[in-house]
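Enquirer: here's a sequence, model it:
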Amino acid sequence: MSSHIERNATVMLDNLKLKQERGEELELREICASFTLDVIASTGFGLEVNTLKDPRNRFSTEAKKVINPNQLLFTLTVFLPELAQVLSKFGLNVLPQKSMEYFANVVDLAIEHRKREGLNGKINDFLDLVMHAEVETAISDGGHGGHGGHGGHGGGETELTRSEIHAQAIVLIFAGYDTVAIVLSFTLFLLANHPDSCQKVQAEIDDKCKNAFPNHDNVQGLSYLEMCLNEAMRMFPPGIFITRKCVQNTEVQGIPIPKGMAVLVPVYAIHNDPEIFPEPTKFDPERFSPEKKASRHPFAHLGFEQGPRNCIGMRLGMVELKIAVAAILQKLTPVPCSKTVYPVNLNKIQVKANDGLWVKFESRK
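Expert: Numbers count the residues shown, from 1 in each chain. Model (predicted):
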């Protein structure tokens, strides 16, 4: 799937080069969001939507509606997870129904097209992965696989129903769109305001990638870049809290937690606790050196969550971030501009800079 990321990173880099040549100042969040959405479209659905050139394309428009649902209902269901089922009985949906139907149709059309054309043995995106798994299930079941509607019951325990595939497609959008865009935009912004760290990342890219375009293999050695990404996630976590459902009666430091209770983990507060991370408002990638990481509790950093239910797309997300940042910094250098406001004036409700993340780019000599 990395070929999709590399292709979209090339498109983003070309876009930034044009802005650099024109001397334009730009706000990072929108262009980073367009890149991540294009990656989702290609790695998830096998579509080329090119949001950077056509920001009003249907895929982009519907995805943004899914990412920005009814805020009141969404907030209520975060704290009261069972409420979603109650609301649905009254015809109230947290996510926009028409957008959900659009993505279900996209998935169905893509699957039917691939069934007609046949699988070529390669796994290029999420739907290829699902369909290859479906074929393997059919073989292991003696030829009785496919969408029989069992959904894990009866003969094919690994079989996914079509509605489950629809749900996973929506999860891809939720997990990979705004989250990756937040980390990418804040990382570039922080590097623009910390030139020493930026130069160190660029030197590492030059050393590890040589003159080759960043790809899945050569970005694996970019350890300092990964430290910068982790520090950006610490300062500005894409998820300011995590919710988990307690599965059995338990007690934590004398506090009883009954089975079924929703537990909220305050990620932003943990990441900015000076007892865990001294001078938490300071950008310091060295916090994530192997030695510093070993000295802390492994759950001190929750950028990709932790434990058995951590982010399933963690590896893909980190590769996407590394390729994107490396592709940009290989050719360009982000620097402050007339609209730059740093330190960041952070929104009180969500991980968003009230004044935007404004920079300009200079060509590397």
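Enquirer: can we go C-alpha only for contacts and neighbour counts from here?
Expert: Will do.
Enquirer: distance of the residue lying closest to Ile67 once chain neighbours are set aside from Leu191?
Expert: In space, Ile67 comes closest to Phe174 once its chain neighbours are excluded; the distance is 6.3 Å by CA to CA, 6 or more residues apart in numbering. Counting by CA to CA, to the nearest Å, the gap from Phe174 to Leu191 is 26 Å.
Enquirer: on that earlier part again, doesn't the residue nearest to Ile67 lie inside a strand?
Expert: No: assigned with DSSP: H, G, I helix; E, B strand; the rest coil, Phe174 falls outside any strand and is helix.
Enquirer: just the pLDDT for it.
Expert: Note on Phe174: pLDDT of 75.
Enquirer: that one reaches Lys64, doesn't it?
Expert: No: Phe174 is beyond contact range of Lys64, at 9.8 Å (criterion: CA atoms under 8 Å).
Enquirer: show me the strands in the stretch 201-350 of the chain, by range?
Expert: Counting by DSSP state E, counting those that start in this stretch, the stretch 201-350 of the chain has strands at residues 242-245, 250-252, 255-257, 262-265, 332-335.
Enquirer: the more surrounded of Phe174 and Leu191?
Expert: More neighbours surround Leu191 than the other of Phe174 and Leu191, with 23 against 17 (other CA atoms under 10 Å).
Enquirer: now that one: how far from Leu184?
Expert: Counting by CA to CA, the gap from Leu191 to Leu184 is 11 Å.
Enquirer: for the protein, just list every one of the helices.
Expert: Assigned by DSSP state H, the chain shows helices spanning 2-21, 28-45, 58-67, 71-79, 83-89, 97-117, 126-140, 162-176, 178-192, 195-209, 223-235, 267-271, 290-294, 314-331.
Enquirer: and the longest strand for the chain?
Expert: strand 358-363 (DSSP state E).
Enquirer: quick check: buried residues in that strand?
Expert: Neighbour-count burial for strand 358-363 flags 358-362 (criterion: 16 or more other CA atoms under 10 Å).
Enquirer: may I see those arranged in a markdown table, with pLDDT as well?
Expert: Output for the buried residues of strand 358-363, formatted as a markdown table (pLDDT from 0 to 100):
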| residue | pLDDT |
| --- | --- |
| Trp358 | 99 |
| Val359 | 99 |
| Lys360 | 98 |
| Phe361 | 99 |
| Glu362 | 98 |
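Enquirer: poorly predicted segments of this protein, please.
Expert: 69-81, 84, 90-92, 118-123, 132-159, 304-314 (pLDDT under 70).
Enquirer: what about 50?
Expert: For the chain, the stretches flagged by pLDDT under 50 are 139, 144-157.
Enquirer: circling back to that earlier point, CSV for the strands of the stretch 201-350 of the chain, including mean neighbour count and distance to Leu225?
Expert: CSV is the format used below for the strands of the stretch 201-350 of the chain (neighbours: other CA atoms under 10 Å; distance: least, CA to CA, whole Å):
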stretch, mean neighbour count, distance to Leu225
strand 242-245, 13, 26
strand 250-252, 10, 36
strand 255-257, 11, 39
strand 262-265, 14, 27
strand 332-335, 22, 14
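Enquirer: just so I know, which of those lies nearest Asn218?
Expert: Asn218 lies closest, by CA to CA, to one member of those: strand 332-335, at 18.7 Å.
Enquirer: and that closest one, what does it pack against?
Expert: If you count contacts as 3 or more CA pairs under 8 Å, 6 or more residues apart in numbering; DSSP states H and E, strand 332-335 packs onto helix 178-192, strand 358-363.
Enquirer: send over that strand as CSV, restricted to the C-alpha atoms.
Expert: Provided in CSV are the C-alpha atoms of strand 332-335 (Å, rounded to 0.1, in the frame of the first residue of the first chain):
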residue,chain,number,x,y,z
LEU,A,332,11.8,22.2,1.0
THR,A,333,12.3,23.8,4.4
PRO,A,334,9.3,25.2,6.4
VAL,A,335,9.9,28.5,8.1
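Enquirer: what residues does it touch?
Expert: By CA atoms under 8 Å, 6 or more residues apart in numbering, the residues outside strand 332-335 that reach it are 17, 188-189, 191-193, 195, 198, 359-364.
Enquirer: quick one on the thing from earlier: widest-spaced pair of the buried residues of strand 358-363?
Expert: Greatest spatial distance among those (CA to CA): Trp358 and Glu362, at 13.8 Å.
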